[in-house]
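Visitor: Let's see this in three dimensions:
(2 chains)
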2 protein chains.
Amino acid sequence: MYYLGIDLGGTNIAIGLVDEQGQIIHRGNAPTGRERGASVILKEMGMLALKVMEEAGVRLEQINGVGVGSPGAPDVQKGVIIYNNNLGFRNVPVRAELQKYLPLPVYVDNDANCAALAEGLLGAAGGVRHSVTVTLGTGIGGGVIIDHNIYSGFNNAGSELGHMVIVAGGKPCTCGRRGCWEAYASARGLIESAQAAAEENPTSLLFKMVKGDLTKLTAKTPFDAAQAGDRVAAAVVNEFLDYLAVGIGNIINIFQPEVIVLGGGVSKQGDDILRPLEDKLTREVYGEEGVPVAKLKLAVLGNDAGIVGAALLGFPPEKRALVSLFGPDPD
Amino acid sequence: MYYLGIDLGGTNIAIGLVDEQGQIIHRGNAPTGRERGASVILKEMGMLALKVMEEAGVRLEQINGVGVGSPGAPDVQKGVIIYNNNLGFRNVPVRAELQKYLPLPVYVDNDANCAALAEGLLGAAGGVRHSVTVTLGTGIGGGVIIDHNIYSGFNNAGSELGHMVIVAGGKPCTCGRRGCWEAYASARGLIESAQAAAEENPTSLLFKMVKGDLTKLTAKTPFDAAQAGDRVAAAVVNEFLDYLAVGIGNIINIFQPEVIVLGGGVSKQGDDILRPLEDKLTREVYGEEGVPVAKLKLAVLGNDAGIVGAALLGFPPEKRALVSLFGPDPD
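Guide: Next up, the predicted model:
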């Protein structure tokens, strides 16, 4: 038997036909074309799924379920996306629409939750019961896996880890609050502080690397400049990692997951962020003698996490625990 | 059938014989006498339990299980308290010791988790699946209930909500970190800021109420002075509530529990903290249109929460969900 996983993004729809071990065996892609509206997008998803099945020679009777990972606030029970600003979704009945084309069980959840489910079961946290995946992108996304299942509260809106305040009264966040973790430890936060430091230090390599055009600064620039010996950039990176460690320390003290997975663009810095974070975390975690602590790991599934996680929504709970054992060794 | 719930405190051991509805039908008390050491304390607990059973006319065969709520870091699987500084406990085999006197299933968990279980199933959050109980005492304790069970991570050390940093680099906390929620929004945090404000404002009512002896200030003093019209005290209380709201807002964004229960000494201020907190929280919560939000409630079980929660440790999972329906109406 097979599962379909659909990762609905702002620009692209990615579909994977997934086997019982959670491996993608065939893929399909289409532009989202968000201006077309929800019902056209969902029809496109349905047609693309049928095409992927046909190409792979898999019939409807061989599919156990279809999972959709979408940005926005889901109503998991009803299979609805309540609200998403980016796609212009408002009470979109994803399950009901998709079942017009795919008469199968359809599961709907938030895309960050799907990615966390994939990393938690089959990725960097494969084999453990409790994990938290933190996605460091433009913002900070989060997903919490408890006993091999997504935990997102009574209204499916939980695990907004990026909107945990770590500096009360601090920098304004896009959400309207002040001092959110995301304002400091996301790619956006890093770029903003690198821009400020470059502007103050026009003789720095950080400034020179973008020839003074601060809009050219990316999250990678301060890491590259620091690597090349620039002290201004090193200070920016160090401060960024301090804020990252504060939030990760909070997640450990709150959840005590066995593994914390770091994903998203910034995590591509690999050991350059992992090692200093581990050092800083020894200061940040509230521990008692003799109690084991969470491990910090880099995400391993990349962009596939969205597809695989969506497909996993359709796995029955006992199968999720089982499939988790096929993941990479957690140590 | 019955259950025994034992609340082991730093100064007092409180035992309750609890029926299948979670009601205490008979009680017993004894001083902890922590200087006597773990094995003597545990023998005292066993003897006291037998006395309570005898007084109530309940035989060993009528008891389904014994739960112990203890301060410190538990190993729930092994029934051990790994470490507690206050009681001088270090790898104390609570289950094994207690079973010398009570040949029954023995369950061990942290006392804050037990209180959260009681409030979550039978108290202020009775009837809901996900709740978080925050205990505002000298420090800030927390307990997280997910699907009628205690969630405390892979090492049973989670839900240290008081040690969530809300002011990165801020006030030193007793745990060694800086800027923990507990340093600002516990009774201790409130007293410290009231002392500072009184010292700076010797003409304030806050100062006069303790006749200038700042060591006499309690968490109640700033509330009383503010109530009597003192602007210095009102500012202290307002700032305290701001910090309290930041942490509660974080808990909502992270867990989206259906109910957040406020317990502990400070919560006795009742509506004087509940109403302003609700106002402040409308600013602090990251919400999307059409998504319901958590309710804030005051704890209702008082000191009994520890006994009842410990007894509930022995309830089988399906019985926990059932007994939760007998609690007060959640609305």
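Visitor: Give me the neighbour count for A:S186.
Guide: Burial of A:S186, expressed as a neighbour count using other Cβ atoms under 10 Å in any protein chain shown, amounts to 29. Quick note: C-beta positions are derived from backbone N, CA and C, even for glycine.
Visitor: before we move on, what about A:K100?
Guide: Using other Cβ under 10 Å as the criterion, A:K100 is surrounded by 11 other residues.
Visitor: burial of the nearest residue to it once chain neighbours are set aside, as a residue count?
Guide: Taking Cβ to Cβ, 6 or more residues apart in numbering or on different chains as the measure, A:K100 lies nearest to A:G46, with 6.8 Å between them; neighbours along the chain are not counted. Neighbours of A:G46 under the rule other Cβ under 10 Å: 19.
Visitor: just A:L217 next, same as before
Guide: As a burial measure, A:L217 scores 21 neighbours (other Cβ under 10 Å).
Visitor: any idea how far it lies from A:D224?
Guide: Counting by Cβ to Cβ, to the nearest Å, the separation of A:L217 from A:D224 is 11 Å.
Visitor: same question, A:V266
Guide: Between A:V266 and A:D224 the distance, using Cβ to Cβ, works out to 13 Å.
Visitor: for A:A196, same thing?
Guide: When Cβ to Cβ is the yardstick, A:A196 and A:D224 sit 18 Å from each other.
Visitor: When those two are compared, which one has more neighbours?
Guide: A:D224 (15 against 12).
Visitor: Run through the stretch 201-331 of chain A and note the low-pLDDT ranges.
Guide: Applying pLDDT under 70 to the stretch 201-331 of chain A flags the ranges A:284, A:286-289, A:326-331.
Visitor: Just the closest residue of it to chain B, please.
Guide: A:Q256 (2.5 Å; Cβ to the nearest Cβ).
Visitor: What sits closest to that residue if chain neighbours are left out?
Guide: Once chain neighbours are set aside, the closest to A:Q256 by Cβ to Cβ, 6+ apart is B:G153, at 2.5 Å.
Visitor: In a strand, A:T133, correct?
Guide: Yes: according to DSSP: H, G, I helix; E, B strand; the rest coil, A:T133 belongs to a strand.
Visitor: okay, now it: neighbour count?
Guide: For A:T133, which is what you asked about, the neighbour count (other Cβ under 10 Å) is 34.
Visitor: so how many other residues sit close to the residue nearest to it when sequence neighbours are not counted?
Guide: If the residues on either side of it in the chain are set aside, A:T133 comes closest to A:A116, at 3.7 Å by Cβ to Cβ, 6+ apart. Applying other Cβ under 10 Å, we find 33 residues neighbouring A:A116.
Visitor: Likewise for the one 10 residues further on?
Guide: Burial of A:G126 is recorded as 23 neighbouring residues (other Cβ under 10 Å).
Visitor: tell me the secondary structure for A:E54?
Guide: The assignment at A:E54 comes out as helix when based on three-state DSSP.
Visitor: before we move on, the earlier item: the residue nearest to A:Q256 - that's part of a strand, no?
Guide: No: the assignment for B:G153, made by three-state DSSP, is coil rather than a strand.
Visitor: how about the helices of chain A, start to end?
Guide: Taking DSSP state H, the helices of chain A run over residues A:38-56, A:94-98, A:111-121, A:181-185, A:187-200, A:205-209, A:220-227, A:231-255, A:271-284, A:304-312, A:317-324.
Visitor: quick one: which of those is nearest B:I6?
Guide: Nearest to B:I6 among these is helix A:231-255 (27.0 Å), distances taken as Cβ to Cβ.
Visitor: now the angle from the closest one to helix A:271-284?
Guide: Between the axis of helix A:231-255 and that of helix A:271-284 there is an angle of 50 degrees, by axes from the mean of the first three to the mean of the last three Cα atoms, to 10 degrees.
Visitor: Can you point out the buried residues in helix A:231-255?
Guide: Judged by neighbour count using 16 or more other Cβ atoms under 10 Å in any protein chain shown, the buried positions of helix A:231-255 are A:232-237, A:239-255.
Visitor: cool, and stretch A:75-90?
Guide: Counting neighbours by 16+ other Cβ under 10 Å, one finds that the buried residues in stretch A:75-90 are A:75-76, A:79-84, A:87, A:89.
Visitor: Among these, which lie within strands?
Guide: Counting by DSSP state E, the buried residues of stretch A:75-90 place A:75, A:80-84, A:89 in strands.
Visitor: Could you list which of the residues you listed also contact chain B?
Guide: Applying Cβ under 8 Å from any Cβ of the partner chain, the subset of these adjacent to chain B comprises A:82-83.
Visitor: can you redo the ones in strands among the buried residues of stretch A:75-90 as JSON lines with pLDDT?
Guide: Written out in JSON lines, the entries for those read as follows (pLDDT from 0 to 100):
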{"residue": "A:D75", "pLDDT": "94"}
{"residue": "A:V80", "pLDDT": "97"}
{"residue": "A:I81", "pLDDT": "95"}
{"residue": "A:I82", "pLDDT": "92"}
{"residue": "A:Y83", "pLDDT": "87"}
{"residue": "A:N84", "pLDDT": "87"}
{"residue": "A:F89", "pLDDT": "93"}
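Visitor: So which of the ones in strands among the buried residues of stretch A:75-90 is the closest to B:H130?
Guide: A:D75 (15.9 Å).
Visitor: Specify the beta-bridge partners of the closest one.
Guide: Taking DSSP bridges, one obtains A:V80 as the residues bridged to A:D75.
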